[in-house]
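Q: Next comes the sequence, and after it the predicted model I'd like to discuss.
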Amino acid sequence: MNVSQLFGLTAAALVGLGVYGLIVNPQPLRKVLAFNLTGNGVFLACAVIAHRGAGAGMSGDPVPQALLITAIVVSFAASALAVGLMLRRFAETGTNSLAAADDAAPGEARTNAEAR
Amino acid sequence: MTTLALTGQSTPGGLLLALAVLLPFAGMLAGLAPGGRHAQRVAWATIVLGIGIVLEIAARLLVSGDALRYALGGWAPPLGVVLRADGLSVCMMLVVAVVVGAVAIYANGDFGTPPGTREARAPLAFWLLLLAVWGALNLVFVSGDIFTLYVALELLTFAGVPLVSLDGRAETLQAALRYLLYALIGSMLYLLGVFLLYGAYGTLDIALLAGRIGPGPLAWTAVALMTAGMLAKTALFPLHLWLPPAHAGAPAAASALLSALVVKGSWFVVVRLWVDVFGGMVGGSVAQLLAGLGAMAILFGNVVALRQVRLKLLIAYSTVAQIGYLFLLFPLAAQHESTRAVTGGLLQAISHASAKAAMFLAAGLIYSTLGHDRLADLRGAARALPMTLTAFALAGATLIGLPPSGGFLAKWLLMSAALATGQWWWALVMLLGGLLTSVYVFMVVVRAMEPAAPGWSPKKQVPRYQQFAVLGLATCSFLLGLAVLLPVDVAQIGRTVIPQAGMP
Amino acid sequence: MNLTQSLLAAAVGMPLLMLLLCASAKIRRRLPSWFAIAPLPALAAAVGASQSETLMLGHSRFALRFAIDTPGALLLGTAALLWLFAGIYAARFIREREGEGEGVAGFVVCWFMAMTGSVGVFLAADLIGFYLMLAVLSVGASGLVLQGEVPDARYAGGFYLGIALLAEAFVLAALVLLAQATPGGSLLIRDAAAALPGSPWRDATLLLLLVGLGMKAGLVPLHFWMPYAYRAAPVPAAAVMSGAVVKASVIALVRFLPFTLNDAWPHFGIPLAALGMFGAFYGVAIGITQSQPKVVLAYSSVSQMGFLMAVIGMGLAAGDPATVVAAAYYAAHHLLVKGTLFLAVGVVALTGAGSLRRVLAPTAVIALGLGGLPLTGGALAKYAAKDLLGGDLAGSLAVASSVATTLLMLHFVRCLGATAAADSRARAPAPLTVAWLAMVLASLIGPWVLYLHIPVGTLPEALAPAALWSALWPVLAGAALAMGWDRWRKKVPSVPVGDVGVILRELQRAAAAAGRGAQCTDAFVRGWSVSCLTLLLAALLFGGLLAVAA
């Protein structure tokens, strides 16, 4: 298989892993990491498109690369906003779970360590 | 209706489109620098200027009878970015401007900076985020290509999430986090769809894409991803997990913005995509599925709203239900009868925006006056706030669909389209939704009209101008049905004709 | 703008203006004295407006249109009289309430809202204007029910509004179908009614119209809102509701249904007539077991409206164009009489035994008019309707219905007498008595005046001895039954007010259970994992459906 197909499959795998992590992990920080993983998979797919769309003599289509840069910045800002909210919430309540208030989260001690 | 115009030329006055987007963000930066109470003044000035710009855009649209275009930098698509405002965009921009103005008048009371500096965080954040939401929405409405739509949607999410947690309580932070994460999943799906479409058809411009797109696995995947992503951001049942706590936990002015305007942004993207880009591809069972989800939203949202204990949660679940109405237009627009369906959907969005904003603002005033918003103890509210209760009743009448409100006209148009295309079950859903809405509107109004316990006095005297703002907004939504008296069908200006599969 | 258009504009505009003026609290305090003045333009329009002119508000693409035709003029004129005299009653009624320190703002607002809707419904000439006025009428009337002072006023008001909105949902669906079927997109009622026989959705439209308008008219088995509403509402409100508000469905039926000679509709008309006749007897059967006068009157309304529906049904089955005026005339007479009887309830409650007979005697005469007492308007109305009912089964049922109505009315007079004031020297305040007396005169003289103007039979025919005897003997039979019933009454088990309406409590329980179920589903769906999985599932479904459909 050629380079595009390999990277395409990798992108799919990353997206799959990220989505799995998003659904399964109860702690928000891990969800943010999973979201970043998914994002990386999507960006990899975009890079494959850039590679495949390359004109004669060029290494890649510049338009998807521009989209990619924008998207990376946006996802970075999103992660920062999410982490900011989590830090503030931890400062307010000392916990960081998305479960309802009366749910005793079993991984709470671990979450506290991660949030620091 | 005009045919596609494939040149990169800007129409005269197209620069106004760019201004409509830039002005709020410029105001935001200008307000951030000095900070404090200057932010509010800058916001005021920006709002006045912005409303003027939107009115001017609308005037030009009506005069020219065609969509306004602006090519950034003079470069034509597929490489250049084009801003395009047709009748749909302009109507949405108008309602957003009106609601933002009314919320700003109201928020002067709640978010006016007090003499001390300690509470300046929430007012400063509110005024800046108000401008940010407005700018992002304008960008959504005038975007001419799908990647700018992505950027605009992200801007909208980033502006909307902090509005949820404006007062800093732990529950609102949790609601904001949940909103952010779920919205980001939606954006990711949408982005993947954008990349796939670019990879397949080589362009991001909406007009060009509409011409090039055709049925195929890539297009189908893109449709599925982009639609699902937008449904997550619009909180269509059953993807509405974030909406009730977010909209109910935010302060009243912020809830008004979120419920009335922010969810309309992602809905508009679905409309833009399905009606203008995908056109003939998304008929039949997909549209029925989308409207089916809308019907479930109407039924479940209204029923659960009836069981709520707090007024703000009731209004939030009412939003869940009303969002369902917005998606009923898709199976009706997929056939040749699309004019009525799209106009009806647009009118539904506009009247819901103004009515829901008025409702949330009214709930805020009731909360200030009574000190709580428990439904069981609303007595005395009507005596203390007659104008506000009238506004709530008028807004409720719009949501129920009583004439002459915009909600009635929207219902009439959508029902005509449904019955004309033989899909009578959507008409049934709309009627049922109206009945269920009437139950809780009646319940709230009647409970508020009961005389207060003897010796009770309001916790706080709300200023008259706040009540006037709420009543004005509710009256606007109630009288929107008179839009039928307009001499021209504004929603159809500049709409492109998509070649249907099989049409010559 | 010529005379007719100004009259039409003033008729609808005057109550609407008063409604808008309610916004200012200062003006609102003075408005009750205008209760009697507001319907005057409507009365003038009913008498003076010409039938060939239309008032148009709007432009060519869409306009609200108002016009008057014969049934509209009949009903509008009588309704205006009722609003006028009930307004005099209501003004005094409000002053007493204010004196007791209770809020009256709601009553004033809802009174004018109901008046605007009532006048507008009779004058509306296009589909959307009609629906608009109907909605205003329903909301205003339900607000009036809420103003009652009985403990279940809130329940009755909510229930009334719910039924009204449910009926209007059916009507809206029918109106949309009518608009679809009308060529050229015209929204005029006249055009829509003409296009109905040829419409592709003809049967569905007729069914929806009959169900919706029948619900609003109290057609059995959806009649149980009437006893609740009329019992809870204050006396003047109940008078206008049972008189004018209920006739909105009559005017709609008469205008929308096709009564043309080529199109007879036996498969719609006969069931409607059967249901109506059943209601006519059912109302009497339940009414004679009740003891509160307002509830008895409510069941009388059920019975009379049922009879009216039977008349319309038989006319529909035969395709007889004379139904329109005959039904409107019958409805107009019922309007006047029912309003008078309700006002009498209020007057009697304040009258002591000393002057009781002076009030009960005219009331008894008017009440017997409903049963068809000769030389009253009721006899004229039944004479006008008898041709439509035909000779055989329907005709004999009609005669039996007269007997039954007389029985019910005598029962009513007896119950009424029992509610007189305790102090035997008490007398009702002058405005109340004046209003009631004026209505008595209107009910006695009005139908005769109207009969001269409508093209249904001639006066000498109506006064022939044969006609008089055929009206008299059912009344005598009914009176005999009434005397017997007086003795038997104690042995009959009591029927709750609203009879079959008690299943509502069961429905409420079922609805609450459904609500709990929906809330559980909502909580489940809003879990994070479930939500994300649903999102992915949605994306898969969309893609799959697109692939499969191609």
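A: Thanks, I have it.
Q: Looking at the top helix by length along chain A now, give me its mean pLDDT.
A: As far as residue count goes, and with DSSP state H defining each element, the longest helix of chain A is helix A:62-93. Regarding helix A:62-93, the rounded mean pLDDT is 93.
Q: Likewise for stretch A:13-20?
A: Averaged across stretch A:13-20, pLDDT comes to 95.
Q: returning to that earlier point: please identify the buried residues of the longest helix of chain A?
A: Buried positions in helix A:62-93, judged by neighbour count with 16 or more other Cβ atoms under 10 Å in any protein chain shown: A:63-65, A:67-68, A:71, A:74-75, A:78-79, A:81-82, A:85-86, A:88-90. For glycine as for every other residue, the C-beta is placed from the backbone atoms N, C-alpha and C.
Q: Residue numbers of the stretch 251-400 of chain B in contact with chain C?
A: Remark: the part of the stretch 251-400 of chain B in contact with chain C comprises B:281-282, B:284-286, B:289-290, B:293, B:299-300, B:303-304, B:306-307, B:383, B:397, B:400, using Cβ under 8 Å from any Cβ of the partner chain.
Q: Mind giving me the ChimeraX command for buried ones among those residues?
A: Buried residues within these, by 16+ other Cβ under 10 Å, are selected in ChimeraX with:
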select /B:281,282,284,285,286,289,290,293,299,300,303,304,306,307,383,397,400
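Q: among the residues of the stretch 251-400 of chain B next to chain C, which are in helices?
A: Assigned to helices by DSSP H, the following of these qualify: B:284-286, B:289-290, B:293, B:299-300, B:303-304, B:306, B:383, B:397, B:400.
Q: of the residues you listed, list those near chain A.
A: Within the set of these, contact with chain A (Cβ under 8 Å from any Cβ) is found for no member.
Q: could you redo those residues as CSV and give each row distance to residue C:136?
A: Compiled in CSV, those are given as follows (distance: Cβ to Cβ, whole Å):
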residue, distance to residue C:136
B:284, 41
B:285, 41
B:286, 40
B:289, 38
B:290, 35
B:293, 34
B:299, 28
B:300, 31
B:303, 28
B:304, 30
B:306, 25
B:383, 25
B:397, 10
B:400, 13
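Q: Please work out how many residues are found near residue B:120.
A: When neighbours are counted by other Cβ atoms under 10 Å in any protein chain shown, residue B:120 registers 15.
Q: do you know how far it is from residue B:35?
A: According to Cβ to Cβ, to the nearest Å, residue B:120 stands 7 Å off from residue B:35.
Q: what's the next secondary structure element after the helix or strand encompassing residue C:315?
A: Assessed by DSSP states H and E, residue C:315 sits inside helix C:293-318. Proceeding C-terminally, helix C:293-318 gives way to helix C:323-349 as the next helix or strand, assigned by DSSP H and E.
Q: can you list the residues that contact the helix or strand just after that following helix?
A: Under the assignment DSSP H and E, the closest C-terminal helix or strand after helix C:323-349 is helix C:353-371. Helix C:353-371 is contacted by residues C:300, C:304, C:333-334, C:337, C:340-341, C:344, C:347-348, C:351, C:373, C:376-379, C:402-403, C:405-406, C:409-410, C:412-413, C:416-417, C:420, C:424-428, C:436-437, C:440, C:443-444, C:474-475, C:478 when judged by Cβ atoms under 8 Å, 6 or more residues apart in numbering or on different chains.
Q: let's see it at 7 Å
A: Contacting residues not belonging to helix C:353-371 are listed as C:304, C:337, C:340-341, C:344, C:347-348, C:351, C:376-378, C:402, C:405-406, C:409, C:412-413, C:416-417, C:420, C:424-425, C:427, C:440, C:443, C:474-475, C:478 [Cβ atoms under 7 Å, 6 or more residues apart in numbering or on different chains].
Q: out of those, which are inside helices?
A: Using DSSP H, the contacts of helix C:353-371 in helices are C:304, C:337, C:340-341, C:344, C:347-348, C:377-378, C:402, C:405-406, C:409, C:412-413, C:416-417, C:440, C:443, C:474-475, C:478.
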